[in-house]
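Q: Below is the sequence, then the predicted model.
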Amino acid sequence: NAGVTQTPKFQVLKTGQSMTLQCAQDMNHNSMYWYRQDPGMGLRLIYYSASEGTTDKGEVPNGYNVSRLNKREFSLRLESAAPSQTSVYFCASSEGGAADGGTEAFFGQGTRLTVV
Amino acid sequence: AQSVTQLGSHVSVSEGALVLLRCNYSSSVPPYLFWYVQYPNQGLQLLLKYTSAATLVKGINGFEAEFKKSETSFHLTKPSAHMSDAAEYFCAVSPPYNQGGKLIFGQGTELSVKP
């Protein structure tokens, strides 16, 4: 039971470098999400994809781009990393859908990113 | 806009004591409500959720939460704390008719359990 798989688990970047965080789910979920977790701030939504072929901004989208490659995969790209993007990043998925906000989200193990 | 406030960033209890973690939400209509737990260096997992079927919701590991519309609260309780309950707990809301089911999280409460 893989659930939601994120790669890599750890990454150190230099300011200005780019990278892509990968996420895949095997639960046939419609919706996928990227959150960042910072101490004392809970989890904040960066981008989400309500269904295959759609993406929307969340609360903190600046400096990030996403791609919903297919129903299984949702990647997060940092084009020019900044120290303020040092955080733990979580990918999640849920059955989602257009009319229901009560579905459980399943989370990956997280990616710890440090930008120096 | 929806928001969630968790009162107390750190809560410490003795083993066997009552656990009470507080969560208040702001919403013009009752949202869906969730409690998630995060153990060190892991992702989040669902403890319980409220979806309007019953105001008292029972979850895993002996936790339960009561939805109180008049108080806009969804506090998490457990009668007797165990050492294994030490973790960070997040309250989250999801507005109804929310395309994609996205969640809005509170700041988190770290629970420590003393022997």
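A: Structure received.
Q: use CA for all of it now, contacts and neighbours both
A: OK.
Q: pLDDT weak spots in the chain?
A: Going with chain A. Residues of chain A that meet the criterion pLDDT under 70 lie in A:1, A:97-101.
Q: My question was about chain B, not that one.
A: For chain B, the stretches with pLDDT under 70 are B:97-100.
Q: Tell me the residues on it that lie near chain A, please.
A: Listed as neighbours of chain A in chain B under the rule Cα under 8 Å from any Cα of the partner chain: B:9, B:32-33, B:41-46, B:51, B:90, B:94-108.
Q: if we go to 10 Å?
A: Residues of chain B that fall close to chain A, judged by Cα under 10 Å from any Cα of the partner chain: B:6, B:9, B:31-34, B:36, B:41-46, B:48-52, B:88-109.
Q: Tell me how many other residues surround B:V11.
A: Residues lying near B:V11 (other Cα atoms under 10 Å in any protein chain shown) number 16.
Q: re earlier: give me the ChimeraX select line for the residues of chain B next to chain A, limited to the buried ones.
A: Selection of the buried residues among the residues of chain B next to chain A in ChimeraX, burial being defined by 16 or more other Cα atoms under 10 Å in any protein chain shown:
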select /B:6,31,32,33,34,36,43,44,45,46,48,49,50,51,88,89,90,91,92,93,94,95,96,98,99,100,101,102,103,104,105,106,107,108,109
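Q: Kindly provide the distance from the spatially closest residue to B:N41 that is not a sequence neighbour to A:S80.
A: The spatial neighbour of B:N41 that comes closest, neighbours along the chain excluded (Cα to Cα, 6 or more residues apart in numbering or on different chains), is A:Q109 at 7.6 Å. In this structure, A:Q109 and A:S80 are 24 Å apart, going by Cα to Cα, to the nearest Å.
Q: Tell me which of those two has more neighbours.
A: Between A:Q109 and A:S80, counting by other Cα under 10 Å, A:Q109 is the more crowded of the two (19 against 15).
Q: in which helix or strand would I find that one?
A: A:Q109 is part of no helix or strand, with elements assigned from DSSP states H and E.
Q: so it makes contact with A:A24?
A: No. In this structure A:Q109 lies outside contact range of A:A24 using Cα atoms under 10 Å: 11.8 Å.
Q: okay, and the common contacts of the two?
A: Overlap of the contact sets of A:Q109 and A:A24 (by Cα atoms under 10 Å, 6 or more residues apart in numbering or on different chains) consists of A:V4, A:T5, A:Q6, A:T7, A:C91, A:A92.
Q: The fourth one: how many residues sit nearby?
A: Applying other Cα under 10 Å, we find 16 residues neighbouring A:T7.
Q: ok, and the closest non-adjacent residue to it?
A: That would be A:Q22: by Cα to Cα, 6+ apart, it lies 5.3 Å from A:T7.
Q: Let me know the secondary structure of the one you found.
A: Under the three-state scheme (DSSP: H, G, I helix; E, B strand; the rest coil), A:Q22 adopts strand.
Q: picking that back up, list phi and psi for the residue nearest to B:N41.
A: With angles defined as degrees, to the nearest 10, A:Q109 sits at phi -80, psi -10.
Q: Please consider this matter closed, and thank you.
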